[in-house]
Each structure stands twice: as structure tokens, then as C-alpha cells.
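1. Generate coordinates for the sequence data below:
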Amino acid sequence: MFRRRTRADREFLRAQREALALLQMHAREPMPFDSVQAEASAGSGSEAVATDFLPADLRVPSRQDVEGMMMRWMQPLVIDGEVHACATCGLYRDWIVFCLRDDSVWLRCRSGHQVQEPRPDAAWYNRNSGPVDHWHPTLEDGLRHLGH
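-> As a prediction, this is how the structure comes out:
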């Protein structure tokens, strides 16, 4: 009976020693990101970029790099429980919704009438828009892509 307990204690102590040796080994070895930082600091001061970062031609522009984002909204636009219609022509479906850099939301109907809408905000736009699939150099190119 006592031998079983001693054997269990011996196995536990051996496992503890192995774990301690493993921890000490990892403490002596440099971490992979340490070598990347050392290489970046060894290079020129202006070129201190991580090596795992994408090249410039593969990077997607950020929201601050573009004037705004747009999406097509085919169904009737319901804001605060009521269907929103164009004040000029009365159309209530097939909108282009713009979210500009200043987080303002603009609506454009099929006829080309534009109005800033204060009720939906940038958070509403982000919840309802899908992923960005194209980048367009001009507003006209974006409208043409969306069918307006």
C-alpha cells in the first residue's frame, strides 16, 4: 500500500522536473518575434516594418484612405419603423446608400436625388453592408458598377 503511494509521488516529481526543464529551455531560447524585432532594428530606421506585413500592392485601402463607401439597397428602406421615400420623386426602393469618411449617411434614389439622412448612422451602415468587393476611383464608376 505504501509502495503504491511512493511510486505515484516519484512519477509526480519526475513530471514536475521535466516540466521545469522544459520551462527553463524555453526561457533560454529566443522567441521568433524577438528575431524579427532584432532584424528590424538592425535595418535602417525608416524601414522598420515587420516582415510578415503584406507588400504595398496587396494591401487594401483603409476607411481613412477612401472618401466613402457605398452599397445598393434594393428593398424598401425602413428607418425607425417607416418606409423612407424620396422627397422629390416619391421612389421608395432601389437606393444607393453612402457612408462618408465623416460617418454621415447619404441616400441617393434611382433618379439621382441625394439627401443626407441623420437617422441611420455609420454603425447602421456597417451592420447592413456586406464586405467590400470593388474599389472605384470615381463616384461615377461606383454608381455604374452598382447599376445607377
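2. low-confidence ranges in the chain?
-> Filtered on pLDDT under 70, the chain yields the residue ranges 1-3, 30-52.
3. Just the strands from it, written as ranges.
-> Assigned by DSSP state E, the strands in the chain fall at 68-73, 77-79, 82-84, 95-100, 105-108, 114-116.
4. State the number of residues packed around Ile79.
-> 14 (other C-beta atoms under 10 Å). In this view, the C-beta of every residue, glycine as well, is placed from N, C-alpha and C.
5. next one: Glu67
-> Glu67 has 10 nearby residues by other C-beta under 10 Å.
6. Not counting its neighbours along the chain, what's nearest it?
-> Of all residues not flanking Glu67 in the chain, Arg101 sits nearest, at 6.0 Å (C-beta to C-beta, 6 or more residues apart in numbering).
7. again, but for Ile96
-> Arg108 (4.3 Å).
8. and the residue nearest to Glu67, how far is that from Asp9?
-> Separation of Arg101 from Asp9 (C-beta to C-beta, to the nearest Å) stands at 67 Å.
9. picking up where we left off before, got the contact list for the residue nearest to Glu67?
-> Under the criterion of C-beta atoms under 8 Å, 6 or more residues apart in numbering, the contact list for Arg101 reads Arg63, Gln64, Val66, Glu67, Gly68.
10. ok, now which ones touch the first one?
-> By that I understand Arg63. Per C-beta under 8 Å, 6+ apart, neighbours of Arg63: Met69, Arg101.
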